[in-house]
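Engineer: quick one: sequence plus predicted model below, questions after.
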Amino acid sequence: MDLVNFENIMKMYCQDIVLDKVLAMDEKDRNRILRQCDFLDFSFLKALNDKESERGLIEPIRTMKLSEIEEKKDYFENIGIEAIKAGKVGALVLAGGMGTRLGSEHAKGMFDIGLTKPVYIFQRMFENMMDVVDKTGTWIPLFIMTSLFNDREIKEFLAEHKCFGYNPKYVKFFVQDMSPCVDTDGNILFSKPDEFAMSPNGNGGFYSSMMNAGLDEYAKENGIEYINVFAIDNVLQRIADPIFVGATIDSGCATGAKVVKKSDPGEKVGSICLEDGMPSVIEYYDMTEELLEQKDADGEPAYEYGVILNYLFRLKDMDSIARKEMPVHVVKKKVPYLEKSDSSPTGYILVKPDEPNAYKLETLTLDFVRMMGSCLPFEVIREREFAPIKNAMGVDSVQSARNMLLAIGYEL
Ligand code: UTP
């Protein structure tokens, strides 16, 4: 980015303090910052000034429940298998996250959850994919979204482990975009004297980053019509699950969303609902007491199903919304930052905070549910399909995921 452009952007987003710092730098440092700016999406800074948008009218949505799925299982499965065999279904793993809560220095997928032998999170993903490959005799094209921070190590790790037996011809990588991190006053932080603190721009950036890499075209040229988007950290999930694929296709909806019955009303997952008549996901922190207590016509909690970040999206519908502006979420997280220090020979120290201290700017995949216009919420059994690894200990942790794997007889 050239300096004039940079100055304009800094002024546009009220970054006067940051601009002064950069202008005061020597040319070498300033040029390094300008080179970094080519990778940063500053438009996300707009979200800092946006008023929090009011939620629309929230109402319950009909979910396809386990009993209904069981009744039509064979019918759905046949539709799904046919679509998979015809090469119409691809998979996309969101692996660009920083995994800060887990606290590993490497990409989350490289984390070893084994007890007596190595069992990597990526390995679990490929094993789960092999179930459907074995069932259908068809390799599912897999797109792996990485970030600037973990792209190289993920590629090296998967090359070293030969994609855990998955056919590498069907594996494609792309790197997601980055956004700047800001302090609580909205000023961009520095991670080095000549580098802004930055983070991947949230898992909702997957389609625009896929387009930037030309992989949407690749998908279409190869006949892919549906894409199963999922998080790397759920070690139990079914990928390109034929029953789910078949049910979504049969419903005619542009999106299918796997959901589980929440373990308690306040569980930290998004609740599937209607918002102003459109399918939507309401984040747990937006749920009011009133919504939590509301009952449906059968006397069940009205918002008892939570999303597990496993969606099937119809590609042709994604195209029409891909270039629309996605909501940017301002999320308070722990961000290491540079601080002046007289005691340090460089004049600076890198502070690694113990508590959330700054804002990251992220788009979220769950916002696609609303933007896509139609959605089939599809219930799955938690014990069989939802073992997310978010934390090192406690809820949604390495330990809880291990217990769930052991309970289904998986050797760790
Ligand atoms: P989370 O929101 O749980 O984030 O991501 P995380 O990075 O794994 O962990 P924390 O919050 O830093 O502790 C859910 C899924 O979205 C992916 C993650 O890799 C995970 O699969 N993700 C998240 C991305 O691919 N890119 C992002 O920018 C953020």
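Structural biologist: The structure has been received and is ready for your questions.

Engineer: what comes into contact with the worst-scoring helix or strand of the chain on mean pLDDT?
Structural biologist: Lowest on mean pLDDT, DSSP states H and E among the helices and strands of the chain sits helix 315-322, with a mean of 86. Contacts with helix 315-322, where a contact means Cβ atoms under 8 Å, 6 or more residues apart in numbering, come from 207-208, 211, 216, 219-220, 224-227, 254-255, 368, 371-373. Backbone N, C-alpha and C define where each C-beta goes, glycine included.

Engineer: quick one: buried ones out of these?
Structural biologist: 207-208, 211, 216, 219, 224-227, 254-255, 368, 371-372 (16 or more other Cβ atoms under 10 Å).

Engineer: the residue in the chain positioned nearest to the ligand sits in which helix or strand?
Structural biologist: Per Cβ to the nearest ligand atom, residue 97 is where the chain lies closest to the ligand, at 2.2 Å. Under DSSP states H and E, no helix or strand contains residue 97.

Engineer: show the contacting residues for it.
Structural biologist: 108, 147, 200, 203, 232, 233.

Engineer: and the pLDDT at the last one?
Structural biologist: In this model, residue 233 is scored at 96, pLDDT.

Engineer: hmm, it is touching residue 390, no?
Structural biologist: Yes. Contact between residue 233 and residue 390 holds when scored by Cβ atoms under 8 Å: they sit 6.6 Å apart.

Engineer: which one's more surrounded, these two?
Structural biologist: residue 233 (25 against 21; other Cβ atoms under 10 Å).

Engineer: now that one. Nearest residue, chain neighbours left out?
Structural biologist: Excluding its sequence neighbours, the residue lying closest to residue 233 (Cβ to Cβ, 6 or more residues apart in numbering) is residue 389, at 4.6 Å.

Engineer: got a list of what that neighbour touches?
Structural biologist: Contacts for residue 389 (Cβ under 8 Å, 6+ apart) come out as 102, 108, 111, 113, 121, 233, 234, 235, 396, 397, 398, 401.

Engineer: and the last one, helix, strand or coil?
Structural biologist: Three-state assignment for residue 401 (DSSP: H, G, I helix; E, B strand; the rest coil): helix.

Engineer: give the contact list for residue 296.
Structural biologist: 60, 302.

Engineer: ok, now residue 92?
Structural biologist: With Cβ under 8 Å, 6+ apart, residue 92 has these contacts: 142, 143, 144, 145, 206, 210, 227, 228, 229, 230.

Engineer: just give the number of residues close to the first one.
Structural biologist: What that stands for is residue 142. Look at residue 142: counted by other Cβ under 10 Å, it has 23 neighbours.

Engineer: again with the second one
Structural biologist: Counted with other Cβ under 10 Å, the neighbours of residue 143 add up to 24.

Engineer: return the residues of the stretch 201-350 of the chain in contact with the ligand.
Structural biologist: 201, 202, 203, 231, 232, 233, 309 (Cβ under 6 Å from any ligand atom).

Engineer: could you dump those residues into a markdown table with secondary structure added?
Structural biologist: Conversion of these to a markdown table gives the following (three-state DSSP):
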| residue | secondary structure |
| --- | --- |
| 201 | coil |
| 202 | coil |
| 203 | helix |
| 231 | strand |
| 232 | coil |
| 233 | coil |
| 309 | strand |
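
Engineer: top of these by neighbour count?
Structural biologist: residue 232 (28 neighbours).

Engineer: just checking, it touches residue 109?
Structural biologist: Yes. Applying Cβ under 8 Å as the test, residue 232 and residue 109 come out as touching, 4.8 Å apart.

Engineer: bridging residues for residue 348?
Structural biologist: Beta-bridge pairing of residue 348, defined through DSSP bridges, involves residue 340.

Engineer: so, low pLDDT: which residues of the protein?
Structural biologist: Scanning the chain for pLDDT under 70 picks out 52, 323.

Engineer: with the ligand in mind, check whether the longest helix anywhere in it reaches it.
Structural biologist: As assigned by DSSP state H, the longest helix anywhere in the chain is helix 121-136. No. Applying Cβ under 6 Å from any ligand atom, one finds helix 121-136 separated from the ligand by no less than 9.5 Å.

Engineer: mind checking how far that helix is from the chain centre?
Structural biologist: The chain centre lies 20 Å from the centre of helix 121-136; the measure is Cα atoms, centre = their mean, to the nearest Å.

Engineer: same question, stretch 324-343
Structural biologist: With Cα atoms, centre = their mean, you get 18 Å for stretch 324-343.

Engineer: quick one: the residue nearest to residue 180 when sequence neighbours are not counted and residue 65, what's the gap?
Structural biologist: Excluding the flanking residues, the one nearest residue 180 by Cβ to Cβ, 6+ apart is residue 188, at 4.7 Å. Look at residue 188 and residue 65: by Cβ to Cβ, to the nearest Å, they are 47 Å apart.

Engineer: looking at those two, which is more packed in?
Structural biologist: residue 188 (24 against 14).

Engineer: got the phi and psi for that one?
Structural biologist: Note on residue 188: backbone dihedrals following degrees, to the nearest 10 are phi -60, psi 130.

Engineer: thought residue 386 was touching residue 308?
Structural biologist: Yes. Applying Cβ under 8 Å, one finds residue 386 in contact with residue 308, separated by 4.9 Å.

Engineer: intersection of neighbour lists for these two?
Structural biologist: Joint contacts of residue 386 and residue 308 (Cβ under 8 Å, 6+ apart) are 234, 237, 260, 380.

Engineer: what's the spacing between stretch 365-380 and its chain's center?
Structural biologist: On Cα atoms, centre = their mean, the centre of stretch 365-380 falls 14 Å from the chain's centre.
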